[in-house]
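Undergrad: Fold the following, please.
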Amino acid sequence: MDYQDRDADGVYVDTGHHGPGPDLMGAGTVIGDPVRNLKGEHLGQIREIMLDMRSGAIAYAVMAHGGVFHLGAKLFAVPWQALTLDPAHKGFTLNIDKQRLDEAPGFDPDHWPNMANPAWAAQIHRYYDHSTEQGSGLS
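TA: Alright, predicted model coming up:
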């Protein structure tokens, strides 16, 4: 099921927007969307959206990678700016090789990091080549 299938209210009507996909989307509609790399390889699924409550911006998409039906999956906080909506494939793209993702800082679903910690945020943004932390509100 993709974001268009989860649009029970019919709000994602093409009204001549200027970007890929709709101009606005509900966070719940992207939960479960697939993430692929630029080679088209499946990397994982969006599991959660983390909002920066101070700035109102999306800080991270938490992506599940590996495992079967969320069992044994590792989670990764991917800076929102690192993802690109891919309406053709009803998901997102992330410019990273599978091997580099396997080596990325991740966490166990039962032990989430303190994502508000500036040192943790800087490490994540550096890893995904977004060290400016622009829009994350974390500094």
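Undergrad: Restrict stretch 30-41 to CA atoms and write it as PDB.
TA: In PDB, the C-alpha atoms belonging to stretch 30-41 read as follows (Å, rounded to 0.1, in the frame of the first residue of the first chain):
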ATOM      1  CA  VAL A  30       4.200   8.000   4.200                       C
ATOM      2  CA  ILE A  31       4.500   5.500   7.000                       C
ATOM      3  CA  GLY A  32       5.300   2.100   5.400                       C
ATOM      4  CA  ASP A  33       6.500   3.700   2.100                       C
ATOM      5  CA  PRO A  34       9.500   2.000   0.500                       C
ATOM      6  CA  VAL A  35      12.900   3.600   0.300                       C
ATOM      7  CA  ARG A  36      15.100   2.800  -2.600                       C
ATOM      8  CA  ASN A  37      18.600   4.000  -3.600                       C
ATOM      9  CA  LEU A  38      19.400   5.500  -6.900                       C
ATOM     10  CA  LYS A  39      20.200   2.000  -8.300                       C
ATOM     11  CA  GLY A  40      16.600   1.000  -7.600                       C
ATOM     12  CA  GLU A  41      17.600  -1.300  -4.700                       C
END
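Undergrad: can you give me the helices in the chain?
TA: Ranges of helices within the chain are 27-30, 98-102, 118-127, based on DSSP state H.
Undergrad: got CSV for those helices, with mean neighbour count too?
TA: Quick note: C-beta positions are derived from backbone N, CA and C, even for glycine. As requested, those are arranged in CSV below (neighbours: other Cβ atoms under 10 Å):
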stretch, mean neighbour count
helix 27-30, 17
helix 98-102, 14
helix 118-127, 16
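Undergrad: In a markdown table: these, plus distance to residue 41 and mean pLDDT.
TA: Output for the helices of the chain, formatted as a markdown table (distance: least, Cβ to Cβ, whole Å; pLDDT from 0 to 100):
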| stretch | distance to residue 41 | mean pLDDT |
| --- | --- | --- |
| helix 27-30 | 19 | 85 |
| helix 98-102 | 6 | 91 |
| helix 118-127 | 18 | 93 |
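Undergrad: closest to residue 110 out of these?
TA: Minimum separation from residue 110 across the helices of the chain (Cβ to Cβ) falls at helix 118-127, 17.5 Å.
Undergrad: If anything else comes up later, I'll come back, but that's it for now.
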